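>>> All I have is the shape, not the residue letters:
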């Protein structure tokens, strides 16, 4: 089935289009699902992606040659009809739908099924081959309600008015989502952000994502940040930058905070299980919903999801793609 699409360690090659999906090495023609660094690389000859993803790549890698593809818009390359539909992962994230020779392949990139105020929700598309991620592809992973995690964060803030809450959040997607989720829970005070988050937050604002009042945290006297929420990259939680904050409560927003050892390793006092990936039930429910003839499983916990597919009479195979790491964004 679908002999015209070939998985390689460096990406998925669409032979009749002579194009690669999320290649980990520079290619002449690249179809990119979203802007995270393990999917979007610099150095390609030409990129097809959503307008938002192209802007993110330009911010990270400099100006690149690219064609913006709107959600639902069809393009044709070498006899393959290609369409991008929302993946619900981060701003501009897309599943890539490929139709050729009477067969349909859906490549999800990364995705989640939970609502996210910063991006359009995942759109299920029935297909013959479903290429799915499996970042949280173990039955132990069940993400809690996002609102309840936000309430835990706000409770810690209000219970400690002389301290600040320092939230570690990945610069693309997670930081902006946490800010918007806080606004939705009625927190409208200024939120302080690390300098490494400023450009991406400005890009989100340029695309119409309202995050309220944000202030740069660098150089602000500690007393001004008492009773405030401060966002920073996870790497800043334990470095010299955080020592100038007013007795910070160290928090981190990630699906990996379900694993207590990961929270302890980072000295996280307030682990917030907020993920931009599908959990186990959402992965399996999505496979049932799109009802593919075959499922290809990319980065993550491939073996558990492969076993689930086989026991539920779904043909499946695991793909060994390189460069798909456990991202801090989780």
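Arrived safely, thanks for sending. Bear in mind the structure is a predicted one, so any value in this text is a computation, not a measurement.
>>> Excluding residues flanking it in the chain, which one is nearest the residue nearest the centre of the chain?
Central residue of the chain (Cα atoms, centre = their mean): residue 89, 4.4 Å from the mean position. Once flanking residues are discounted, residue 89 sits nearest to residue 110: 4.5 Å by Cβ to Cβ, 6 or more residues apart in numbering. Where you see a C-beta, it was placed from the backbone N, CA and C, and this is true even at glycine.
>>> Measure how buried that neighbour is and give me the count.
As a burial measure, residue 110 scores 29 neighbours (other Cβ atoms under 10 Å).
>>> Kindly report the same for the one 10 residues further on.
Residue 120 has 16 neighbours, counted by other Cβ under 10 Å.
>>> same deal with residue 138?
Neighbours of residue 138 under the rule other Cβ under 10 Å: 16.
>>> now the one 10 residues further on
Under the neighbour criterion other Cβ under 10 Å, residue 148 is assigned a count of 10.
>>> Report pLDDT for it.
Note on residue 148: pLDDT of 97.
>>> Likewise for residue 289?
Turning to residue 289, the model gives it a pLDDT of 98.
>>> ok, it touching residue 124?
Yes - counting by Cβ atoms under 8 Å, residue 124 is a contact partner of residue 289 at 4.9 Å.
>>> more neighbours, the two?
Set side by side, residue 289 and residue 124 show more neighbours around residue 124, with 19 against 13, by other Cβ under 10 Å.
>>> check contacts around the more buried one.
By Cβ atoms under 8 Å, 6 or more residues apart in numbering, the contact set of residue 124 is 286, 289-290.
>>> Of those residues, which belong to helices?
Using DSSP state H, the subset of those located in helices is 286, 289-290.
>>> Quick check, residue 37 in contact with residue 59.
No - judged on Cβ under 8 Å, residue 37 makes no contact with residue 59 at a distance of 11.9 Å.
>>> Identify all contacting residues around stretch 33-41.
For stretch 33-41, contacts defined as Cβ under 8 Å, 6+ apart pick out 21-26, 30, 32, 49, 52-53, 56-57, 60-61, 87, 89-96, 107-110, 172-173, 299, 323-325, 327, 329.
>>> Select only the buried ones of those in PyMOL?
Of the contacts of stretch 33-41, the buried ones go into a single PyMOL selection, burial set by 16 or more other Cβ atoms under 10 Å:
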select buried, resi 21+22+23+24+30+32+49+52+53+56+57+60+61+87+89+90+91+92+93+94+95+96+107+108+109+110+172+173+299+323+324+327+329
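>>> which stretches of the stretch 101-250 of the chain form helices?
For the stretch 101-250 of the chain, helices defined by DSSP state H, counting those that start in this stretch occupy the ranges 146-159, 174-184, 195-206.
>>> what is the orientation angle of the shortest one with helix 146-159?
An angle of 80 degrees separates the directions of helix 174-184 and helix 146-159 when computed by axes from the mean of the first three to the mean of the last three Cα atoms, to 10 degrees.
>>> And for the last one?
Note on geometry: by the same axes, to 10 degrees, helix 195-206 and helix 146-159 are set 130 degrees apart in direction.
>>> What residues sit buried inside stretch 292-301?
In terms of neighbour count (16+ other Cβ under 10 Å), stretch 292-301 has its buried residues at 292, 294-301.
>>> Also stretch 275-293?
For stretch 275-293, the neighbour count (16+ other Cβ under 10 Å) marks 275-280, 282-284, 286-287, 290, 292 as buried.
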